[in-house]
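Asker: I'd like to go over a predicted model; first the sequence, then the structure.
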Amino acid sequence: MHHRVPRSLLSAHDRMTGCAELDGAALQAWYDFEEECYRHGVSPDLSREELEVVIEGSTVEISCEEHRRTIHAADWPRWGRMGGLRVLELYGPRYFVALAHRRWHRIAPEELATVRERLRRVREAAS
């Protein structure tokens, strides 16, 4: 089963409406929500309840191959950039190097966890 209108719009809606004050973060959340709505042909003026109905009504049954290669082909790079930027923001470039070493089987999973923990402690000490 696939939702042609993604459920991630609900979390984007929650981020948008959860901002306590109108600042840069609130404007970015509003922009991100509207961009996703327009990308999927949904009005950004819907309430959360109306959005839930639209999402549930967009469910279709498709094959895994069609889902991966046809529907989300353009999304993989964008999702990778979003996830990569978040990891970079959280852990920094040293962790990216450790991730590459893990991907190339140069370090064990335990070593990657150790690097992540050490970098987390350094970041906490600095703040």
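Answerer: Right, received. Where do you want to start?

Asker: what comes up buried for stretch 8-21?
Answerer: For stretch 8-21, burial by neighbour count (16 or more other Cβ atoms under 10 Å) applies to 9, 12, 13, 15, 16. No exception for glycine: its C-beta is placed from N, CA and C like everyone else's.

Asker: which of those residues lies closest to residue 49?
Answerer: residue 13 (10.5 Å; Cβ to Cβ).

Asker: so that closest one touches residue 33, yeah?
Answerer: Yes: with contact defined as Cβ atoms under 8 Å, residue 13 and residue 33 form a contacting pair (5.9 Å).

Asker: include distance to residue 107 when you put the buried residues of stretch 8-21 into a markdown table, please.
Answerer: Output for these, formatted as a markdown table (distance: Cβ to Cβ, whole Å):
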| residue | distance to residue 107 |
| --- | --- |
| 9 | 38 |
| 12 | 35 |
| 13 | 40 |
| 15 | 35 |
| 16 | 40 |
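
Asker: closest to residue 47 among those?
Answerer: Nearest member of the buried residues of stretch 8-21 to residue 47, counting by Cβ to Cβ, is residue 13, at 8.9 Å.
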